[in-house]
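Trainee: need the 3D shape of this:
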Amino acid sequence: MQQKNNMIKVVVGVVHNNSKEIFISRRKKNQFMSGYWELPGGKVENNEDLSSALKRELFEEIGIKIEKFSLIQTIQQQYPKRIIDLSIYVIDKYSGTPVGKEGQDFSWCSIEKFKEYKLLPTMWKIIKRLSLPKSYWITPDNHNSNAVFEECNQRLSEGIKIIQLRSKSQLDKAYIDKFNKLCQLNQAKLVLNIPHMVFDEPCDGWHLTSTELMVTSTREFPDDKLLGASAHSLIEAKHAEKISVDYISLSPINETLSHPKTQILGWEKASEIISQCKVPIYLLGGMNKDSMDKALSIGAQGIAGIRGV
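Mentor: Take a look at the predicted model:
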C-alpha cells in the first residue's frame, strides 16, 4: 500500500490475555516518541495490504500468529512533520505467547490502569473506544422528584456503564454530583446533557445536542473525558467526527412515543451513515433489547434510549 506524502499508514493490534488485560510495549530510545507506551504494530510497507501488515508486524514484534481479527477504528493523528493514519484491530484469536521480541519493555494492563502509563496521544482514543459499552441509558427529563435517581440506581444495578443525565432545564452542581458519586460507586460513567454546560461539572464527560454540535468548531475538552454528540444526518455525523467526539448518538431510527411525528432515518439510512463514519455510533429512537443484534450487524457501537435499553 503506497504511502502518500507525509502520511504514514500504521496498523496495531489489541491483544488480550485470559484476564482481559491488554498487551502494550514501550518505544525504544532510538524511536520517534521514545519512552511512550503503545499497542503492538507498525508501518504498512509499500504494496502491502493492511491485513498482511498486521500479521507480519505482530509476529515480528511480539511473536504471535494471529488467526482471527476485526477492524474497530481508524484514526488520523497529526504530528509536526507527519500524519499517522492508524488502523486498530482487535485480535480475537492468536497462537503463541506475546513477548518483546525486539528487546522492548512490555506489560499487560487493564483499561483502568492505563492512566499510570505514559501513553501515545492516540492511545487515549483507542482506550475510550475499547471501554465504550454496547448500550447506555438516558435519564427522563423529570427532575422534580427522586424518581430519576432511583431509576438510575436500578439501571446501574442491572449493569449499565454509561448514564446520560439529560435535562432541558439547568441542574445545580450538588444534584449532578449526587449522580456522579452514584456512578463512581458502580464503576460507571456520567455524561451530562444539560443547557449552558460550563464543562467543569462533576462528571466523566458531556453530550452536545445537534444544535450545540454544529456551532462547535474544535474539541476543547481533556482527552480523559468523554465527548458525545447527537446527530440526525450524515452532515451532522461528519461534523461530529471532524471535532473528534468519542461517540455519536444517531436518531431517530424508528418512531418513538415522545416524537411520533418526527421523520425517521430508518435502518438502511443508519447503515449508510455508519459506513461513512469512523466514530462509534449508538442508535437511538424506538430501540429495545431486541434491537441490539440488528444494530451490531450494521456496524453500530450499540443502542441507547430512555425506555428500551
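Trainee: any low-confidence regions in the stretch 201-309 of the chain?
Mentor: Scanning the stretch 201-309 of the chain for pLDDT under 70 picks out the ranges 257-260.
Trainee: tell me how many other residues crowd the nearest residue to residue 128 once chain neighbours are set aside.
Mentor: If you skip the residues right next to it in sequence, residue 128 has residue 246 as its closest partner in space, 5.1 Å away by Cβ to Cβ, 6 or more residues apart in numbering. (Each C-beta comes from the backbone N, C-alpha and C, glycine too.) Neighbouring residues of residue 246 were enumerated by other Cβ atoms under 10 Å; the total is 23.
Trainee: could you shift the numbering so residue one becomes 31, and keep it that way?
Mentor: All right, first residue 31 from here; so that's residue 276.
Trainee: how near is residue 276 to residue 254?
Mentor: For residue 276, the distance to residue 254 under the criterion Cβ to Cβ, to the nearest Å works out to 11 Å.
Trainee: okay but the residue nearest to residue 158 is in contact with residue 160, surely?
Mentor: No. If you go by Cβ atoms under 8 Å, residue 276 and residue 160 don't touch, sitting 11.4 Å apart.
Trainee: check which helix or strand covers the nearest residue to residue 329 once chain neighbours are set aside.
Mentor: When the adjacent residues along the chain are set aside, residue 329 lies closest to residue 304, with 4.6 Å between them (Cβ to Cβ, 6+ apart). Using DSSP states H and E, the secondary-structure element containing residue 304 is helix 296-305.
Trainee: helices or strands up against that helix?
Mentor: helix 264-272, strand 277-280, strand 311-314 (3 or more Cβ pairs under 8 Å, 6 or more residues apart in numbering; DSSP states H and E).
Trainee: now do 10 Å
Mentor: Contact here means 3 or more Cβ pairs under 10 Å, 6 or more residues apart in numbering; DSSP states H and E; on that basis helix 296-305 packs against helix 264-272, strand 277-280, strand 311-314, helix 322-327.
Trainee: let's have the ones you listed in JSON lines, adding distance to residue 89 and mean neighbour count.
Mentor: Compiled in JSON lines, the helices and strands packed on helix 296-305 are given as follows (distance: least, Cβ to Cβ, whole Å; neighbours: other Cβ atoms under 10 Å):
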{"stretch": "helix 264-272", "distance to residue 89": "33", "mean neighbour count": "18"}
{"stretch": "strand 277-280", "distance to residue 89": "33", "mean neighbour count": "27"}
{"stretch": "strand 311-314", "distance to residue 89": "33", "mean neighbour count": "27"}
{"stretch": "helix 322-327", "distance to residue 89": "30", "mean neighbour count": "15"}
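Trainee: mind checking those for the one nearest to residue 81?
Mentor: The closest approach between residue 81 and any of the helices and strands packed on helix 296-305, judged by Cβ to Cβ, belongs to helix 322-327 at 21.7 Å.
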